[in-house]
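Participant: structure of the sequence below:
(chains A and B)
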There are 2 protein chains.
Amino acid sequence: VNLESFVKYRKSELAADVAVISDTGLFAPGMPAITYGLRGLLYVEVKIIGPAVDLHSGMYGGAVPNPANVLCELLATLHDKDGRVNIDGFYDDVVPLTADERNEWARLPFDENAFRDDLKLPGLFGETGYTTLERKWARPTCDVNGLAAGYQGYGAKTVIGATASAKVSMRLVANQDPEKVRQAFERTLGARCPKTVRLEIETHSGAGPVLVPREGRAMQLAADAIKTACGREPVLIREGGSIPVVGLFKSVLNVDTLLIGFSLPDDGAHSPNEKFSLKHSLYLGMQVCGALYDRLSRLTASP
Amino acid sequence: VNLESFVKYRKSELAADVAVISDTGLFAPGMPAITYGLRGLLYVEVKIIGPAVDLHSGMYGGAVPNPANVLCELLATLHDKDGRVNIDGFYDDVVPLTADERNEWARLPFDENAFRDDLKLPGLFGETGYTTLERKWARPTCDVNGLAAGYQGYGAKTVIGATASAKVSMRLVANQDPEKVRQAFERTLGARCPKTVRLEIETHSGAGPVLVPREGRAMQLAADAIKTACGREPVLIREGGSIPVVGLFKSVLNVDTLLIGFSLPDDGAHSPNEKFSLKHSLYLGMQVCGALYDRLSRLTASP
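Facilitator: Prediction:
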């Protein structure tokens, strides 16, 4: 939580030509990548407050607003039937994908059926008109990350819970502003929430999206380093996650970040049994980093 | 869970003219009541099963169906904008309130504003066209009693939970059949659930609604006993809760039940600090029961 103030306070000592972060991945084994876009994040908690205490659903059911029902009804309004996020003005600042990006990504070896089957999903779902890679990398989202209301134990309890709450996060893309989206979210839900209950929205965190220029001297040097170490050009991709410090480096230090990482899609990041391949990731990463820092040492010498 | 088979097995030993259950309430202090209607219950658990494991909402968000979102969208379809339950055929077997019942209940001293304020609710909500007493006593419901999905702890976790589940109960009124409603619920949700996830519905319990004839010899004797013990006639009311054994006595033994109880609306049934008034409930109940059993001893003697 102190990182932002630290970067601001040490701004002059942190002056740099470029930053390098290895927290992204290869596109596939043997297929190195430079990531030039990250999604941002707005994470909120939505709470519906109804009766003063939990109520017996037989004695009160049908005659009082039920916070759990109201919460579901509110959250159900967050998407339209085409999978688009239904928050007023949500897409106003979204930078559309370019034709070049869409063409490049369409050529990447990505199998939607295998992706679906790996997850054991009966089907995929997302915004109409976009491929899975486009949905993951370049389109904003609104996901319910947690629901809590009433009785959750084994069996049945005929209770109308006094409150119900949800954790909701929105992945943002350039140039959406977390603060502006937060205000739109609060305004939209405030207008939709019935007046029979109270609505509270708390913000847990926000981080801006990142879109690094695909051209430039540092990018050229990085591509050359990767080609030397791996024997092939890197692909230029985006990732769907967020690395908030990248935006901080840009806004406070005016420094772009090279995102060159070595994890694989099936590493299980943040999951049980997370792995990191010695051959495909660790040794390759050592080679690339050696070549990369060698070249970056000449970044300012030869403009 | 063995009560039903016990009653069936001991049917001949349990033969009786009438049953008496004191599990209901006075309408208000000093205002005794005979309850002639109870709501039934169907309690189910709805589970949405999505990806094989919890997923990182940055890496996958927007490209996979999120069970928590799908659950909210499904549950939001359970009511229409008039507060009516939106399950196909749900109201088919509902016995409408008679004009007599509505007139009698309208004369009961019930203050909707005080009811709302006691619960600290900004407003009441229920099926359009009915009073609060009618909604509580004589109209069926569909309440979400529990929600569980994803991360529920302090702060934030950017997860798309593999599953999401809800406990849902429906209070039923005469002559809704729990099994028929269960089939309608499963059919309706099955048709509405997107094919990108799997839907499982488990039934926890079912109990039929009860509507006892308001006339008859036992009713007369009970009213007379109450008048003698309390100095005033009982009011005839219904209650919103369920007492499943009443339906069992009727269906297996063909025995009607006199529902004469002594709790007060503010006793906090099934809640912390539940109370039972010595003066208004216990001593009054002793007087009524003495008079009642004395009269019931003559039930079959003088048809």
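Participant: now the strands for chain A?
Facilitator: A:19-21, A:33-38, A:40-49, A:55-56, A:143-150, A:159-160, A:163-172, A:198-207, A:210-211, A:235-239, A:257-259 (DSSP state E).
Participant: hmm, stretch A:11-28 in reach of chain B?
Facilitator: No: using C-beta under 8 Å from any C-beta of the partner chain, stretch A:11-28 stays clear of chain B, coming no nearer than 9.2 Å. Using the backbone N, CA and C atoms, a C-beta is placed for each residue, glycine as well.
Participant: how far is that stretch from where the chain is centred?
Facilitator: Between the centre of stretch A:11-28 and the centre of its chain there are 18 Å (C-alpha atoms, centre = their mean, to the nearest Å).
Participant: just the endpoints, please. Distance across that stretch?
Facilitator: 37 Å (C-alpha to C-alpha, to the nearest Å).
Participant: how far away is A:L147 from A:P194?
Facilitator: 19 Å (C-beta to C-beta, to the nearest Å).
Participant: then A:L133?
Facilitator: On the measure of C-beta to C-beta, A:L133 and A:P194 end up 39 Å apart.
Participant: and A:M170, what are its bridge partners?
Facilitator: On the basis of DSSP bridges, A:M170 is bridged to A:L42.
Participant: pull the number of nearby residues for it.
Facilitator: Per other C-beta atoms under 10 Å in any protein chain shown, the neighbour tally for A:M170 reads 27.
Participant: likewise A:E200?
Facilitator: By other C-beta under 10 Å, the residues close to A:E200 number 11.
Participant: isn't it up against A:K47?
Facilitator: Yes: contact criterion C-beta atoms under 8 Å: A:E200 and A:K47 qualify, at 4.3 Å.
Participant: next, format the strands of chain A as CSV and append mean pLDDT and distance to B:A33.
Facilitator: Formatted as CSV, those follow (pLDDT from 0 to 100; distance: least, C-beta to C-beta, whole Å):
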stretch, mean pLDDT, distance to B:A33
strand A:19-21, 96, 72
strand A:33-38, 96, 65
strand A:40-49, 97, 32
strand A:55-56, 92, 18
strand A:143-150, 98, 29
strand A:159-160, 95, 23
strand A:163-172, 98, 32
strand A:198-207, 95, 34
strand A:210-211, 92, 67
strand A:235-239, 96, 66
strand A:257-259, 96, 72
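Participant: now those strands as CSV including distance to B:C142?
Facilitator: Below are the strands of chain A laid out as CSV (distance: least, C-beta to C-beta, whole Å):
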stretch, distance to B:C142
strand A:19-21, 50
strand A:33-38, 42
strand A:40-49, 17
strand A:55-56, 15
strand A:143-150, 14
strand A:159-160, 12
strand A:163-172, 15
strand A:198-207, 22
strand A:210-211, 45
strand A:235-239, 42
strand A:257-259, 49
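Participant: how close does the most centrally placed residue in chain A sit to A:D23?
Facilitator: The centre of chain A sits closest to A:G241, judged by C-alpha atoms, centre = their mean, with a distance of 3.6 Å. Distance, A:G241 to A:D23, using C-beta to C-beta: 9 Å.
Participant: low pLDDT regions in chain A?
Facilitator: Scanning chain A for pLDDT under 70 picks out the ranges A:301-303.
Participant: my read is that A:G50 contacts A:L71, right?
Facilitator: No: in this structure, A:G50 is not within contact of A:L71 by C-beta under 8 Å, at 9.7 Å.
Participant: re earlier: tell me which of the strands of chain A sits nearest to A:S281.
Facilitator: Smallest distance to A:S281 across these (C-beta to C-beta): 12.3 Å, for strand A:33-38.
Participant: sorry, back to before: list the residues that contact both of A:G50 and A:L71?
Facilitator: By C-beta atoms under 8 Å, 6 or more residues apart in numbering or on different chains, A:G50 and A:L71 have these common neighbours: A:A164.
Participant: who has more neighbours out of the two?
Facilitator: A:L71 (31 against 28).
Participant: relative to chain B, how far out is that one?
Facilitator: Distance, A:L71 to chain B, by C-beta to the nearest C-beta, to the nearest Å: 7 Å.
Participant: more neighbours, A:L147 and A:P194?
Facilitator: A:L147 (32 against 14).
Participant: so who does the residue nearest to A:L172 when sequence neighbours are not counted touch?
Facilitator: Nearest non-adjacent residue to A:L172, counting by C-beta to C-beta, 6 or more residues apart in numbering or on different chains: A:G40, 3.7 Å away. Shown in contact with A:G40 (C-beta under 8 Å, 6+ apart): A:171-173, A:176, A:178, A:206-210, A:242, A:244, A:247.
Participant: neighbours around the residue of the stretch 1-150 of chain A found nearest chain B, how many?
Facilitator: Of all residues in the stretch 1-150 of chain A, A:G58 sits closest to chain B, at 3.0 Å by C-beta to the nearest C-beta. Using other C-beta under 10 Å, A:G58 is surrounded by 25 other residues.
Participant: so who does the residue of chain A positioned farthest from its centre touch?
Facilitator: Computed with C-alpha atoms, centre = their mean, the residue of chain A farthest from its C-alpha average is A:M59, at 44.1 Å. Listed by C-beta under 8 Å, 6+ apart, the contact set of A:M59 reads B:136, B:239-241, B:269.
Participant: as CSV, those with distance to B:A218 would be great.
Facilitator: Compiled in CSV, these are given as follows (distance: C-beta to C-beta, whole Å):
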residue, distance to B:A218
B:K136, 25
B:E239, 18
B:G240, 23
B:G241, 22
B:A269, 26
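Participant: the residues you listed also near chain A: which ones?
Facilitator: Answer for those near chain A (C-beta under 8 Å from any C-beta): B:136, B:239-241, B:269.
Participant: who wins for neighbours among those residues?
Facilitator: Busiest of these [other C-beta under 10 Å] is B:K136, holding 26 neighbours.
Participant: got the contact list for it?
Facilitator: Residues near B:K136 by C-beta under 8 Å, 6+ apart: A:59-63, B:239-240.
Participant: need the nearest residue in space to the closest residue to chain B within the stretch 151-300 of chain A, chain neighbours excluded.
Facilitator: Of all residues in the stretch 151-300 of chain A, A:G241 sits closest to chain B, at 3.0 Å by C-beta to the nearest C-beta. Spatial nearest neighbour of A:G241, chain neighbours left out: B:G58 (3.0 Å); criterion: C-beta to C-beta, 6+ apart.
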